[in-house]
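Asks: What follows is a predicted protein model with its sequence.
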Amino acid sequence: MTVGTKPKSSISTWILVGIILVLAAGLIGVLLFLKNQPQPKRGMVPIQQIPPKDPNSADWGVNFPNEYSTFLKTEMNNTPTTYGGSQPYSKLEKDPRLVILFAGYTFAKDYNEERGHMNSLTDVRATKRVSEKTTGTCYSCKSSNNPQLWDKLGVVEFDKMPFSELGKQITQPIGCANCHEAGTMRLIVTNPALEEALKAQGKDWHTFTRQEMRTVVCANCHDEYYLKGDGKYLTFPWATGTKIENIINYYDTANFKDWEYPDTGTPMLKAQHPEYETYTADSTHFKAGVSCSDCHMPYMRDGAAKFSSHDVKSPLLDPEAACGQCHTDVDYVVARVATIQAQVNERLLATEDALIQAIDALKVAAASPSVDKTKLDQARKLHRQAQMMWDFVAAENSMGFHNPEETLRILAKATDTARQAQLMAIQAAGTLDGFFTSQ
């Protein structure tokens, strides 16, 4: 070999490396070009165009037959669970304490277990709590006609219109238009009260992820609310926060009461169904990124099609589908739920007993001619707080499972506050002043 001449094999290697580098650079260039191109929209070509806010869910069902066919099951999914489900029964008959706790209010006349979404109109029109004084606000979470009517009438007029008069324009139960935008099918906030409540917290739902929206859309209805002012304007009391202490403080500041308890003079509060507030209060599942829909509307398959079941119901009625997406031992999960709910129910009933004893003491104090009015007012305030905390749990549809830690914390505080109300009422009446002083 001649001195200073490179071997042919070395030259070939460098040529091969050069070719590889050129090809790699070309491939990277192609990938970058494709990445920066406008992405085609994913979806389906609809069989039928859906008008904006169309209240008739059957129209939407033409394009989405799986979702619609499962939604129709909510009319008859009346299977009970240990502490809930959708089988109609009187809560007043099951727990007679409620008649005492809600004395003087319409819930002492009629308080039934809720049924599925397809029954929303039938049930609200049948309840004995509706009277000639009832306003249209009570339709706010009952019909897919609402989004169109809110546009047509305005929220103020919708809310203050007599229930019977507004009902002439409402024909559809809860449906697709309550949660979805026609055309895009994206999940949206439709209830003006929820939009206002989120804005009061500095939140814009348009920035939320789809997974976040699979919980937020449930807040269109499943939360605490009150009817504000003479026009009964639907309002969520979230301006100072969504925990029970924040909500009570909000009502105290607004000097609001739902009714006055007879023979005690306590300005009372009635909780509605604060599922959203309870679940989002740092519950285990919420912190893990689990949405309401993951459990109550689990994904299913029809051949190659994957869809979310719209047969909205308790996960306990189909734990394999609802819980099995994340948990391998479904039997353990069901047993764990039973343990938690039994514990919560036991504490719930104990709190009811404490409240009733506080009410009895308040009645004696209020009737006493020598009552200490300052202490009586303090006892009333404690009674108001304790019962609202208890009701925040009792009215929430999970018997504590949506957030066991927070639920038990609230019940413990409610029981303690009820006992304080009882003692303060006794002191106000002067019945056992010597006994408590000697202790």
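Replies: Thanks, I have it.

Asks: Give the buried residues for stretch 253-261.
Replies: Buried residues in stretch 253-261, defined by neighbour count with 16 or more other Cβ atoms under 10 Å: F256, K257, D258, W259, Y261. In this view, the C-beta of every residue, glycine as well, is placed from N, C-alpha and C.

Asks: what's the weakest-modelled helix or strand in the chain?
Replies: helix 433-438 (a mean of 42; mean pLDDT, DSSP states H and E).

Asks: Can you pick out the ones from the buried residues of stretch 253-261 that are in strands?
Replies: Of the buried residues of stretch 253-261, the ones assigned to strands by DSSP state E are W259.

Asks: Out of the buried residues of stretch 253-261, which comes closest to D282?
Replies: Within those, the smallest distance to D282 is 26.8 Å, found for F256 (Cβ to Cβ).

Asks: so how far is I247 from the closest one?
Replies: 11 Å (Cβ to Cβ, to the nearest Å).

Asks: where exactly do the strands run in this structure?
Replies: Remark: strands assigned in the chain by DSSP E are 226-228, 233-235, 259-260, 267-268, 299-302, 305-308.

Asks: out of those strands, deepest packed?
Replies: Across the strands of the chain, averaging neighbours per residue (mean count of other Cβ atoms under 10 Å) puts strand 233-235 on top, at a mean of 21.

Asks: average pLDDT for it?
Replies: pLDDT averaged over strand 233-235 equals 98, rounded to a whole number.

Asks: Name the strands paired with that strand and say parallel or antiparallel.
Replies: Strand pairing for strand 233-235, using DSSP bridges, gives strand 226-228 (antiparallel).

Asks: Touching the partner strand from outside, list them.
Replies: Among residues not part of strand 226-228, those counted as contacts by Cβ atoms under 8 Å, 6 or more residues apart in numbering are T135, T137, D159, Y233, L234, T235, P237, Y251, A254, F256, D258.

Asks: Could you tell me the model confidence score at I47?
Replies: The predicted structure scores I47 at 87 on the pLDDT scale.

Asks: cool, L16 as well?
Replies: Confidence at L16, expressed as pLDDT, is 69.

Asks: do S86 as well
Replies: Value listed for S86 in the pLDDT field: 89.

Asks: residues near it, how many?
Replies: 22 (other Cβ atoms under 10 Å).

Asks: Ok, R336 next?
Replies: Neighbour tally, R336, other Cβ under 10 Å: 15.

Asks: Mind naming the longest helix for the chain?
Replies: Longest helix in the chain, counting residues (DSSP state H): helix 330-367.

Asks: roughly how far is that one from the heart of the chain?
Replies: For helix 330-367, the distance from its own C-alpha centre to the chain's C-alpha centre is 21 Å (Cα atoms, centre = their mean, to the nearest Å).

Asks: in it, what's buried?
Replies: Buried positions in helix 330-367, judged by neighbour count with 16+ other Cβ under 10 Å: 333-334, 337, 340-341, 343-345, 347-348, 351-352, 354-355, 358-359, 361-366.

Asks: average pLDDT across that helix?
Replies: Per-residue confidence for helix 330-367 averages out to 97 on the pLDDT scale.

Asks: before we move on, the earlier item: columns distance to K243 on top of the contacts of strand 226-228, output as TSV?
Replies: Written out in TSV, the entries for the contacts of strand 226-228 read as follows (distance: Cβ to Cβ, whole Å):
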residue	distance to K243
T135	29
T137	25
D159	26
Y233	23
L234	21
T235	17
P237	11
Y251	13
A254	17
F256	18
D258	20
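
Asks: ok, the nearest residue to K257 once chain neighbours are set aside - contacts?
Replies: Of all residues beyond its chain neighbours, the one nearest K257 is P267 (3.7 Å), with distances taken as Cβ to Cβ, 6 or more residues apart in numbering. Contacts were defined as Cβ under 8 Å, 6+ apart; by that measure P267 touches K257, E260, R380, R384.
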